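Trainee: the sequence and its predicted three-dimensional model are supplied below.
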Amino acid sequence: MEITYVLVIAIVAYVLGSITKVFIENIPNKYIPLQNVVIGIISALICYFTKVEPNLLQAIVLCLVATMGAGGIADLINIKNK
């Protein structure tokens, strides 16, 4: 089941990221955590309604932790490269 969460989050992040890049040229870094929260909540709802996770609260927490963790890792990589 954990792989399913990762796939759902990756697909939602890719779709929302693509939509964002098309309509908004440059997003300030202060809005990235908000975007990650939106991705986490949408992913959790998808996982809940497709019966990947029977508990809505657990799906929300798991997807939020995953998206915020991925955002933190991306920031660490960017800081290391600078």
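Mentor: Received it, and whenever you're ready, just let me know what you need.

Trainee: buried residues in stretch 11-30?
Mentor: Within stretch 11-30, the residues scored as buried using 16 or more other Cβ atoms under 10 Å are 12-13, 16. The way it works is simple: take the backbone N, C-alpha and C, and place the C-beta from them, glycine included.

Trainee: now do the buried residues in the longest helix seen in the chain.
Mentor: Ranked by residue count, the top helix of the chain under DSSP state H comes out as helix 56-81. For helix 56-81, burial by neighbour count (16+ other Cβ under 10 Å) applies to 59-60, 62-64, 66-67, 70-71.

Trainee: which of the buried residues of stretch 11-30 sits closest to Ile46?
Mentor: In terms of Cβ to Cβ, no member of the buried residues of stretch 11-30 lies closer to Ile46 than Val12, at 6.9 Å.

Trainee: secondary structure element for that closest one?
Mentor: Here Val12 sits within helix 2-23, counting by DSSP states H and E.

Trainee: okay, and the helix or strand of the protein with the least pLDDT?
Mentor: Sorting the helices and strands of the chain by mean pLDDT, DSSP states H and E puts helix 56-81 at the bottom, at a mean of 79.

Trainee: could you look up the SS state of Glu53?
Mentor: Three-state assignment for Glu53 (DSSP: H, G, I helix; E, B strand; the rest coil): coil.

Trainee: which phi and psi does it have?
Mentor: With angles defined as degrees, to the nearest 10, Glu53 sits at phi -130, psi 120.

Trainee: going forward can the numbers begin at 22, since that is how I track them
Mentor: That works, and once the first residue is 22, the last one we named lands at Glu74.

Trainee: do I have it right that it meets Ala80?
Mentor: Yes: counting by Cβ atoms under 8 Å, Glu74 does reach Ala80; the two are 3.9 Å apart.

Trainee: which neighbours do the two share?
Mentor: Common contacts of Glu74 and Ala80 (Cβ atoms under 8 Å, 6 or more residues apart in numbering): 65, 68.
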